[in-house]
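> from the sequence below, what's the structure:
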Amino acid sequence: MTPASFRALRLCVAGLALFSAGGASVRSAAVAIYDRLPDRIDADARYVVYSHGLIVEGDDETPVSPEFGRYDFPAIRRALFDGGGFNLIAPHRPKNADYGQYVDTLVSWVRQLLTAGVRPAASRSWGSRAAAR
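Numbering: from 1, shown residues only. Down below sits the predicted model:
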């Protein structure tokens with residue numbers, strides 16, 4: 001898979017990966033940040049799946065881009081999560097990840113959320129370029 005196709009597919013997955021309970025308030029007060037799909041899915045909760053930019057792959061969660069500056073993945077996770085009232089699923093990809101397999105994993109998580117009864121909300125794209133600025 002080319003980097004351009006991966007970016008397009010990732011944005012598609014990100015756009016489909018914002019889920020809510022039909023705009024109703026979340027009954028469960030327990031929300032958390034996960035690095036993978038949680039073992040227990042609450043159909044009444046909201047979920048966001050976030051995929052970071054290529055620069056973050058590997059061991060360094062705070063790399064520096066000459067063009068965009070520091071990409072602080074832990075701070076981005078916290079900023080997305082804080083006060084949002086949703087579960088954030090934001091895995092840190094290993095270096096040289098197999099993009100096809102990674103996208104398949106994200107798609108699988110979205111399908112599992114839907115199968116568990118989590119309803120999709122309005123589509124949103126949370127891309128890595130905006131977060132890096």
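
> strands of the protein, start to end?
All strands of the chain, identified by DSSP state E, fall at 18-20, 33-34, 47-49, 64-65, 69-70, 87-89, 119-120.

> and I89, what does it touch?
By C-beta atoms under 8 Å, 6 or more residues apart in numbering, I89 lies in contact with A17, Y34, D35, R36, L37, P38, Y47, V48, V49, Y50, W109. Where C-beta positions appear, they are placed from N, C-alpha and C, glycine not excepted.

> surely the second one meets N87?
Yes: taking contacts as C-beta atoms under 8 Å, Y34 lies within contact range of N87: 6.5 Å.

> where in the chain is pLDDT low?
In the predicted model of the chain, residues 1-30, 122-133 satisfy pLDDT under 70.

> repeat that for 90
Applying pLDDT under 90 to the chain flags residues 1-31, 44, 46, 52-54, 68, 80, 82-86, 99, 119-133.

> so how far is A121 from F68?
According to C-beta to C-beta, to the nearest Å, F68 stands 29 Å off from A121.

> circling back: now the strands of the chain in CSV, with distance to G100?
Shown next, in CSV, are those (distance: least, C-beta to C-beta, whole Å):
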stretch, distance to G100
strand 18-20, 23
strand 33-34, 22
strand 47-49, 17
strand 64-65, 25
strand 69-70, 29
strand 87-89, 19
strand 119-120, 24
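
> between Y34 and N87, who's got more neighbours?
Legend: neighbour count by other C-beta atoms under 10 Å for Y34 and N87, higher for N87 (25 against 16).
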